[in-house]
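Enquirer: coordinates only, no sequence provided:
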C-alpha cells in the first residue's frame with residue numbers, strides 16, 4: 001500500500017503503544033506493574049461531572065464555535081488571572097481537544113517547511129514528531145547537570161531559521177522544575193530576538209515541597225495583544241480529566257484566530273460535553289488538585305527511595321508532575337533494550353529515555369497506586385542488582401533469575 005511521505009516519516013506515540021502493550025499483557029493474566037502511564041488514577045472533580053451531567057440531561061449536545069464556547073473562555077480568563085496574574089480576554093483563548101491539539105495547531109500556525117523549533121531535552125515524546133508534521137525541524141538541546149537546561153546552548157542554536165523555543169516545566173519526563181533564573185532569562189532572550197516561546201504548562205499546579213507555580217508573564221515586557229508567548233494548559237492532569245480532552249492555548253489575537261481556523265478544519269471544535277465539564281472543574285472546589293499533589297509527592301518519596309537503593313543508578317528527584325527520569329546508563333546504555341528487559345523479566349512497564357531525547361534513562365511514573373510504585377521499584381532493583389537472591393517472591397508472584 002502506498003502512503004504519503006509524511007505518514008512514512010512520523011513515528012507512533014511510544015507512550016500510547018506501551019499502554020496498549022500493558023493492557024494486552026494484563027488481560028492475558030501477566031502480573032504487570034505499569035509504571036509507564038501519564039494519567040492519574042484519581043476521579044474527576046464532582047463539579048465537573050455534575051456540569052457534564054446537567055448538559056447531557058438536556059439531550060442537546062451540539063456543535064459549538066471552532067475555538068471554544070464563551071463561558072469556558074471566560075473561566076479560562078479567570079484561571080489565568082488567578083494563576084498567572086495576567087489579564088486576558090476571550091479573544092486570547094483557543095480551546096482545543098486537549099492541550100496537545102492546542103500545541104499542534106499553534107505549530108501549524110507559526111512553522112513553515114524548513115523552519116526550526118528549539119526543544120529542550122528531555123522532552124515529551126510527541127513534540128519532535130509534531131514539529132515534523134509541519135515540515136519543520138526540531139532542534140534538540142541536551143541538558144546541563146540535574147536535567148536543567150542551558151541558556152547558552154539555546155543562544156548558540158538560534159539562527160535565521162529559528163522560529164521559537166518550546167518550554168515544559170514541570171517537565172515530562174523528568175518532573176524537574178526549571179529554575180526561576182533560567183525561565184526569566186529565556187523569556188527576555190526570546191523577546192529580544194523576536195522568537196516565539198511556546199510554554200506547555202499542563203503540569204503547572206502539580207508541584208512538590210511547597211513550590212508555587214511560576215508565571216512566564218512575570219518576566220515579559222510585551223502586551224498581551226502583541227506577545228509571542230503562548231501558554232498551553234488544560235484539565236487533563238491537575239483535574240484527572242484526561243478522557244474529556246479539553247485544553248487551551250493563550251496567545252495574541254492574531255495567532256489565536258489562526259489556531260482556531262486550522263482547528264476548525266481538523267475537528268470543527270472541541271466537545272460541548274467536555275467544555276461543560278471543564279467549566280465545572282475550573283470554577284468548582286479546588287481541593288482535589290492539592291489532594292493529587294499530596295498523593296504524588298508521597299509516591300515520589302517511595303519511588304526515589306527504591307531507585308536510590310539500586311547500585312549505580314543516578315536519581316534526580318522530581319519537583320513535580322507524574323514522573324522520575326533516572327539514569328541507568330551504568331547498567332544498560334540502550335534504553336529500549338533496558339525497558340524490554342524489565343518487561344520480559346519482571347513484568348514492569350517503563351518508557352525508554354530515547355523517546356524523550358536522552359539515552360540511558362527510563363521514565364518511571366508515580367501516578368499509579370502506591371502498591372505499584374513500591375512493587376515496581378523492588379522488581380527493578382532485583383532485576384538489576386545481581387548481588388541479591390536468585391528468586392524474587394511477592395505474594396503469588398515469583399521470578400527466577402536466568403541472566
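Expert: Cool, got the structure. Remember, it's a predicted structure, so these values are computed and weren't measured experimentally. Numbers count the residues shown, from 1 in each chain.

Enquirer: tell me the span between the first and last residue of stretch 61-79.
Expert: 25 Å (Cα to Cα, to the nearest Å).

Enquirer: what sits against the residue nearest the centre of the chain?
Expert: Among the residues of the chain, the one closest to the centroid is residue 172, at 4.8 Å (Cα atoms, centre = their mean). Going by Cβ atoms under 8 Å, 6 or more residues apart in numbering, residue 172 touches 38, 123, 124, 202, 203, 321, 322, 323, 356, 363. Every residue, glycine included, has its C-beta placed from N, CA and C.

Enquirer: please repeat the previous calculation with a cut-off of 7 Å.
Expert: 124, 203, 321, 323 (Cβ atoms under 7 Å, 6 or more residues apart in numbering).

Enquirer: how about residue 321?
Expert: Counted by Cβ under 7 Å, 6+ apart, residue 321 has contacts 170, 171, 172, 175, 203, 206.

Enquirer: next, count neighbours for residue 140.
Expert: 17 (other Cβ atoms under 10 Å).

Enquirer: need the mean per-residue confidence for the helix or strand containing it.
Expert: In this assignment (DSSP states H and E), residue 140 forms part of strand 137-141. Per-residue pLDDT over strand 137-141 has a mean of 98.

Enquirer: pull out the buried positions in the helix or strand following it.
Expert: Later in the chain than strand 137-141, the nearest helix or strand by DSSP H and E is helix 151-157. Neighbour-count burial for helix 151-157 flags 151, 154 (criterion: 16 or more other Cβ atoms under 10 Å).

Enquirer: ok, residues contacting helix 151-157?
Expert: 118, 139, 141, 165, 182, 185, 186, 189.

Enquirer: out of those, which end up buried?
Expert: 118, 139, 141, 165, 182, 186, 189.

Enquirer: so how far is the helix or strand bottoming out on mean pLDDT in the chain from its chain's centroid?
Expert: Sorting the helices and strands of the chain by mean pLDDT, DSSP states H and E puts helix 14-27 at the bottom, at a mean of 78. How far helix 14-27 lies from its chain's middle: 18 Å, per Cα atoms, centre = their mean, to the nearest Å.

Enquirer: then stretch 275-283?
Expert: So, by Cα atoms, centre = their mean, the centroid of stretch 275-283 is 21 Å from its chain's centroid.

Enquirer: do stretch 206-222 as well
Expert: 17 Å.

Enquirer: give the buried residues for that stretch.
Expert: 206, 207, 208, 214, 215, 216, 217, 219, 220.

Enquirer: is it true that the third one touches residue 322?
Expert: It refers to residue 208. No - proximity of residue 208 to residue 322 does not meet the contact threshold set by Cβ atoms under 7 Å, at 11.3 Å.

Enquirer: in the protein, which spans are strands?
Expert: In the chain, the strands defined using DSSP state E lie at 33-34, 93-96, 116-120, 137-141, 162-168, 196-200, 229-234, 247-250, 323-324, 348-349, 351-352, 362-365, 391-394, 397-400.

Enquirer: can you redo those strands as TSV with distance to residue 110?
Expert: What follows is those, written out as TSV (distance: least, Cβ to Cβ, whole Å):
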stretch	distance to residue 110
strand 33-34	36
strand 93-96	13
strand 116-120	8
strand 137-141	14
strand 162-168	6
strand 196-200	6
strand 229-234	9
strand 247-250	11
strand 323-324	28
strand 348-349	35
strand 351-352	29
strand 362-365	28
strand 391-394	50
strand 397-400	50
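
Enquirer: among the ones you listed, which comes closest to residue 82?
Expert: Residue 82 lies closest, by Cβ to Cβ, to one member of those: strand 229-234, at 12.1 Å.

Enquirer: in the closest one, what's buried?
Expert: 229, 230, 231, 232, 233, 234.

Enquirer: mind splitting the protein into its structural domains?
Expert: The chain breaks down by automatic domain parsing into domains covering 5-43+287-400, 61-283.

Enquirer: highest average neighbour count across these?
Expert: domain 61-283 (a mean of 20; mean count of other Cβ atoms under 10 Å).

Enquirer: start and end of that one, how far apart?
Expert: OK, domain 61-283 end separation, Cα to Cα: 21 Å.

Enquirer: ok, stretch 244-261 next?
Expert: 22 Å.

Enquirer: how far does it sit from its chain's centre?
Expert: 18 Å.

Enquirer: for the stretch 301-403 of the chain, what spans make up the helices?
Expert: Using DSSP state H, counting those that start in this stretch, the helices of the stretch 301-403 of the chain run over residues 335-346, 370-384.

Enquirer: output the below-cut-off pLDDT ranges for the chain.
Expert: In the predicted model, the chain carries pLDDT under 70 at residues 15.

Enquirer: one more time with 90
Expert: Along the chain, segments meeting pLDDT under 90 span 1-3, 5-29, 37-38, 368, 388.

Enquirer: quick revisit: hmm, which two among the buried ones among the contacts of helix 151-157 are most spread apart?
Expert: Largest pairwise distance in those, by Cβ to Cβ, is 17.7 Å, between 139 and 182.

Enquirer: re the thing from before, ok, of the buried residues of strand 229-234, which one's closest to residue 69?
Expert: Looking across the buried residues of strand 229-234 and measuring by Cβ to Cβ, the closest to residue 69 is residue 234, at 15.3 Å.
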